[in-house]
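Engineer: Need a 3D model of the sequence below.
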Amino acid sequence: MARLQKAALASGDVKKYEVEEAPAKAAAQGRVTPADCRPLSDWLDATTPQKSTAHVSRTLTSTDVEDGTTTEVVLFAYDRADAEKTMDTLRAATKSKKCATFRDGSHRYIGVRPQPAPVGGDEAVSYKLANRADEFLERHRVSVVRSGSTLIAFRAVNIFDPESVGGDAGDKGGAAGDPEVAEAIVDAQLEKLAGTK
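Structural biologist: Just a heads-up that it's a prediction; the model follows:
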């Protein structure tokens, strides 16, 4: 845990971003259906997925008022073998047709698609998905990077109003901008983690 705390991003580590320590969350997931899709749900909150022994979470907000994306960065400690297996399981779930839409308790996630993964670390997996939040669409972009036995989850999220562009919940929403995990955040986190080894 001490190493994760030392490796976590802090104010000043990423230009044009404010960094805040995110409070620890208890696992509050519901029953995921289909069950094979749980790996996708595991990374949506700063909770500790199965096999992880500890985690540290930070929230980054751009100082650019026009950038409405919030990025959560969570470092997870794993046994090396479990870290590798977790990445394999997550990669399979992002490609599974049965997980294009899934439920986690009362939440229904749609539009699950694998995305180009960040460069860096030993391996990485990235995907996007969305869920309804009243009349809005909450859109997520999740990238998980493995560096040795540490997994780093980067989750960018924004809120989209389908009515504002005359679309619907099934639209890709590209006109309003899907959330992106900034390369500067990924690079800064990997560099800081490498400096603690």
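Engineer: which one is the most centrally placed residue in the chain nearest to, not counting chain neighbours?
Structural biologist: Taking CA atoms, centre = their mean, the centroid of the chain lies closest to residue 155, which sits 2.7 Å from it. Nearest residue to residue 155, sequence neighbours excluded (CB to CB, 6 or more residues apart in numbering): residue 72, at 4.6 Å. In this view, the C-beta of every residue, glycine as well, is placed from N, C-alpha and C.
Engineer: So the one you found sits against residue 55, correct?
Structural biologist: No - applying CB atoms under 8 Å, one finds residue 72 not in contact with residue 55, separated by 11.2 Å.
Engineer: Let me know how buried the nearest residue to residue 99 once chain neighbours are set aside is, in neighbour terms.
Structural biologist: Spatially, and ignoring its direct neighbours in sequence, residue 99 is nearest to residue 37 (4.1 Å; CB to CB, 6+ apart). A count of nearby residues for residue 37, using other CB atoms under 10 Å, gives 23.
Engineer: Please, which helix or strand holds residue 82?
Structural biologist: Using DSSP states H and E, residue 82 maps to helix 80-95.
Engineer: Over to residue 192?
Structural biologist: helix 183-194.
Engineer: distance of residue 125 from residue 162?
Structural biologist: 28 Å (CB to CB, to the nearest Å).
Engineer: can you give me the helices for this structure?
Structural biologist: According to DSSP state H, the chain carries its helices in the segments 2-7, 38-42, 80-95, 183-194.
Engineer: Of all those, which one is nearest residue 131?
Structural biologist: helix 38-42 (10.6 Å; CB to CB).
Engineer: Check which helices and strands that closest one sits against.
Structural biologist: helix 80-95, strand 102-104, strand 107-115 (3 or more CB pairs under 8 Å, 6 or more residues apart in numbering; DSSP states H and E).
Engineer: List the contacts of the shortest one.
Structural biologist: Judged by CB atoms under 8 Å, 6 or more residues apart in numbering, the contacts made with strand 102-104 from elsewhere in the structure are 29-34, 37, 40-41, 44, 108-109, 112.
Engineer: Sounds good, over and out.
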